[in-house]
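Asker: Here's my sequence, what's the structure:
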Amino acid sequence: DSPEIKEEVLRKDDQFLNLLKDVYVESRDPPVRVKDGGGEHLPSKQKEKRLTKLGHLEALDVKKVPKGKISLVEALTLLNNHKLQPQIWTAEKIAAEYSLELKDVNSLLEFFIPFTVLEFPKETKKAIPSQNPKKLT
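Answerer: Okay, here's the model as predicted:
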């Protein structure tokens, strides 16, 4: 706010200006390497995708997933298929069918088990008979 400082800032110093005129900066960028791509601008990490195998549940899930990955509905489907028919849906077949690595499929089948719904038979009797039935008076 003081006028002395403003004057000092705005004042030109001829000695520094002459020194500045003698300074010469030369900059060189490293040579640019051009990739063979025909001038196309593609993302550097474009992952290959595959269509999901959902059947009648396709409205519930994504349509494309990267290779090496599965969607949630696919995971539940393959776990259920393996549980119901383990001799047909082996780890090798699942890995080939869903484009997965065998070690990942083995881990998936070992550590994730789908729930089982059990229905208990309906009893025809409404109450459990006791040994000494009580009579109401």
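
Asker: mean confidence for the host helix or strand of residue 107?
Answerer: Element membership for residue 107, per DSSP states H and E: helix 102-111. On average, the pLDDT along helix 102-111 is 92.

Asker: Output it as CSV, nothing but the C-alphas.
Answerer: What follows is helix 102-111 as a C-alpha-only set of coordinates in CSV (Å, rounded to 0.1, in the frame of the first residue of the first chain):
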residue,chain,number,x,y,z
LEU,A,102,-8.1,-72.0,-14.4
LYS,A,103,-6.6,-71.0,-11.0
ASP,A,104,-9.3,-68.3,-10.7
VAL,A,105,-12.0,-70.8,-11.4
ASN,A,106,-10.6,-73.2,-8.9
SER,A,107,-10.6,-70.5,-6.2
LEU,A,108,-14.1,-69.5,-7.1
LEU,A,109,-15.4,-73.0,-6.8
GLU,A,110,-13.5,-73.6,-3.6
PHE,A,111,-14.5,-70.4,-1.7
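
Asker: From the contact counts, what lies against it?
Answerer: helix 72-84, helix 91-98 (3 or more C-beta pairs under 8 Å, 6 or more residues apart in numbering; DSSP states H and E). Just so you know, the C-beta spots here come from the backbone N, C-alpha and C atoms, and that holds for glycine as well.

Asker: tell me the angle that helix makes with helix 72-84.
Answerer: 70 degrees (axes from the mean of the first three to the mean of the last three C-alpha atoms, to 10 degrees).

Asker: Buried residues, helix 102-111. List them.
Answerer: By neighbour count with 16 or more other C-beta atoms under 10 Å, helix 102-111 contains the buried residues 104-105, 108-109.

Asker: Select the helix or strand of this structure having the lowest average pLDDT value.
Answerer: Using mean pLDDT, DSSP states H and E, strand 49-51 stands out as the lowest-scoring helix or strand of the chain, at a mean of 60.

Asker: quick one: average pLDDT of the following helix or strand past that strand?
Answerer: Sequence order places strand 64-66 as the next helix or strand after strand 49-51, per DSSP H and E. Averaging pLDDT along strand 64-66 yields 77.

Asker: repeat for stretch 19-39
Answerer: 75.

Asker: Chain neighbours aside, what residue packs nearest to residue 70?
Answerer: Take residue 70 and drop its neighbours on the chain: the residue closest to it by C-beta to C-beta, 6 or more residues apart in numbering is residue 98, 5.4 Å away.

Asker: That concludes my questions; thank you for your assistance.
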